[in-house]
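*Asks:* Below are the sequence and a predicted model; questions follow.
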Amino acid sequence: MDRTEVVIVGSGFGALAAAKKLAKAGKPFVLISETTEHLFQPLLYQVATGVIAAGEIAPSVRAILAKYPHADVRLGRVVDVNPEEKELVYEAAGQRHTLGYNSVVAATGARQSYFGRDEFAKVTFALKTVDDAERLRDQIVRCFEEAHTTSDLERRKNLLSFIVIGAGATGVELAGQIKELAARYFEQSIRGITAADVTVTLVEGAGVAMPAYGGKLSEYTKASLEKSGVEVVLNTLVTDIDEDGATLVAHGSEAGERRTANTIIWSAGVQANDFAAVLAERTGCETDRAGRLLVNRDLTVGGRADIFAVGDMTSLDNLPGQSPVAMQGGRHVADTILGKTLRGTPFKFRDKGSMAIINRFRAVTKVKNIELTGTFAWVLWLAVHMVYLVGFRNRYVAVMSWFGSFLGNRRPHFYYAQEVGPIVTPDARIPETKPAEPATAAA
Ligand SMILES: Cc1cc2nc3c(=O)[nH]c(=O)nc-3n(C[C@H](O)[C@H](O)[C@H](O)COP(=O)(O)OP(=O)(O)OC[C@H]3O[C@@H](n4cnc5c(N)ncnc54)[C@H](O)[C@@H]3O)c2cc1C
């Protein structure tokens with residue numbers, strides 16, 4: 001039977017961090033992922049708004065690991081694990097394969113959560129994958145193009161209305177960018193449409209924008225968005241969504257307010273991907289309400305010393321679902337497997353701070369007790385993201401795109417989308433997702 005020393009599941013931040021450490025130490029491993037790219041999710045909103053191309057933030061993981069002779073990258077979906085036999089089952093090109101291992105590192109991340117209202121997926125846009133970002137980008141272009149030509153004023157208003165649900169970093173960044181797009185790109189390139197014609201509404205259930213920050217940074221975020229023309233609606237839940245709009249209900253109010261918009265973007269919550277449930281069942285590990293594995297302090301799963309999980313599919317000490325947590329977790333696990341860290345050593349997260357961009361020249365940054373806002377925070381954001389973008393080629397191409405968009409009025413990557421088709425119907429927006437494969441025992 002096919003065997004390897006370590007199987008890494010996923011090709012995101014956690015998986016790649018573990019893979020690089022193992023690869024540099026010459027440890028043989030197989031990395032199995034259902035996507036061929038290593039996706040830099042924090043910049044997906046820039047793909048959706050035409051600033052950069054998907055290829056600039058999604059280098060091939062095979063190419064990244066090509067120089068390491070003991071790294072074997074396979075495109076496939078892991079569907080099961082048998083801890084007693086130390087075997088993992090994955091599907092590739094329609095076939096099932098079984099792979100024996102000594103250790104597993106799972107880093108399968110998370111997907112959108114609709115809090116029990118999965119029907120919202122069909123009438124909203126999401127931002128989790130390259131496909132999501134390109135779908136949203138095409139929708140934005142189509143809305144502006146059709147608004148330019150339609151003689152139906154009601155339809156025009158609807159086309160130029162955008163609702164973003166969830167005022168975390170993704171929602172804030174998207175809302176800010178869509179408004180900026182209207183003012184600094186479409187107003188110049190489409191005659192008759194001004195920024196004032198475009199409505200962007202950001203809805204948040206909590207009482208502040210970017211609740212993860214709170215205080216001065218949340219206030220600055222709200223004020224900056226409002227200054228740019230984004231309507232920020234706080235303390236409000238979205239109770240219904242259809243293809244023409246959403247119903248907003250303020251806390252303490254019985255009545256809902258109907259808002260119409262052709263584009264509704266959901267960025268309100270996440271839940272662990274399916275493999276977390278498989279691991280929970282097979283190892284006896286508990287999960288939280290979002291399906292995330294309640295891993296042990298050393299990042300092992302359930303009663304298994306040879307199965308580790310890191311990143312967004314896990315929950316430990318309320319650590320945020322952010323890339324540094326996944327990367328540091330991946331490195332900790334790799335060190336444990338390599339014997340550089342003693343078995344059982346607890347994972348310690350080193351918080352180097354977090355940041356989010358609001359719009360051009362405005363960002364917020366928090367490093368321990370230091371809070372920064374405005375242009376300085378924005379420059380810091382730019383510098384940090386340049387450093388973290390994987391692959392030199394991508395880094396330089398992305399920087400050129402940023403200069404074009406932030407200093408000039410260019411949105412180079414809208415050109416690809418400008419072969420305008422009809423506005424997508426809600427059902428066509430999201431392809432039917434296949435139900436999760438039932439977990440079957442490994443052969
Ligand atoms: C729009 C957006 C903006 C964000 N902005 C920021 C930010 O500004 N700063 C920040 O720190 N974090 C940000 N995050 C969060 C950050 O991207 C995540 O915390 C990070 O990606 C988690 O890494 P991970 O390795 O756990 O999972 P991911 O990076 O999501 O990787 C999961 C991998 O698992 C693969 N996979 C899933 N299931 C299977 C399976 N069954 N078999 C094989 N492969 C599988 C997927 O294809 C993928 O490669 C953002 C996220 C999003 C969506």
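*Replies:* Alright, I've got the coordinates.
*Asks:* Next one: the residue nearest to residue 65 when sequence neighbours are not counted from the ligand, what distance?
*Replies:* Excluding the flanking residues, the one nearest residue 65 by C-beta to C-beta, 6 or more residues apart in numbering is residue 71, at 4.2 Å. The C-beta positions use only the backbone N, C-alpha and C, and glycine is treated the same way. Going from residue 71 to the ligand by C-beta to the nearest ligand atom, to the nearest Å gives 15 Å.
*Asks:* Show me what residue 71 is bridged to.
*Replies:* residue 29 (DSSP bridges).
*Asks:* so how far is residue 21 from it?
*Replies:* Residue 71 is 11 Å from residue 21, where distance means C-beta to C-beta, to the nearest Å.
*Asks:* Who has more neighbours out of these two?
*Replies:* Ranked by neighbour count (other C-beta atoms under 10 Å), residue 71 and residue 21 place residue 71 first, with 22 against 19.
*Asks:* got a list of what that one touches?
*Replies:* 19, 22, 23, 29, 31, 65 (C-beta atoms under 8 Å, 6 or more residues apart in numbering).
*Asks:* Mind checking which of those land in helices?
*Replies:* Among the contacts of residue 71, the residues falling in helices (DSSP state H) are 19, 22, 23, 65.
*Asks:* Now list the buried members of these.
*Replies:* Neighbour counting over those (16 or more other C-beta atoms under 10 Å) leaves 19, 22, 23, 65 as the buried ones.
*Asks:* Next, count neighbours for residue 237.
*Replies:* Count around residue 237 with other C-beta under 10 Å applied: 17.
*Asks:* Can you give me the neighbour number for the residue in the stretch 301-443 of the chain positioned nearest to the ligand?
*Replies:* Closest approach between the stretch 301-443 of the chain and the ligand, counting by C-beta to the nearest ligand atom: residue 311, at 2.1 Å. Other residues lying near residue 311 total 30 when counted by other C-beta under 10 Å.
*Asks:* wait, isn't it in contact with residue 14?
*Replies:* Yes - using C-beta atoms under 8 Å, residue 311 is in contact with residue 14, at 3.4 Å.
*Asks:* Once you drop chain neighbours, what's closest to the closest residue to the ligand within the stretch 1-150 of the chain?
*Replies:* The minimum distance from the stretch 1-150 of the chain to the ligand, using C-beta to the nearest ligand atom, falls at residue 12 (2.0 Å). Nearest-residue entry for residue 12: residue 109, 5.1 Å, with adjacent residues in sequence omitted and distances by C-beta to C-beta, 6+ apart.
*Asks:* Which positions in the chain make contact with the ligand?
*Replies:* Selection of the chain residues close to the ligand by C-beta under 6 Å from any ligand atom yields 9-15, 32-35, 41-42, 44, 77-78, 107-109, 127-128, 169-170, 273, 275, 311-313, 321-324, 326.
*Asks:* Can you give me every residue that contacts residue 286?
*Replies:* Residue 286 touches 280, 293, 294, counting by C-beta under 8 Å, 6+ apart.
*Asks:* which regions of this protein sit below the pLDDT cut-off?
*Replies:* Low-confidence segments of the chain (pLDDT under 70): 390-393, 415-443.
*Asks:* Can you spell out the domain ranges of it, please?
*Replies:* Taking automatic domain parsing as the reference, the chain has its domains at 6-112+271-338, 118-268.
*Asks:* okay, how far is it across the first one, tip to tip?
*Replies:* It stands for domain 6-112+271-338. Start and end residues of domain 6-112+271-338 are separated by 10 Å (C-alpha to C-alpha, to the nearest Å).
*Asks:* Equivalent analysis for the last one, please.
*Replies:* Taking C-alpha to C-alpha as the measure, domain 118-268 stretches 13 Å from start to finish.
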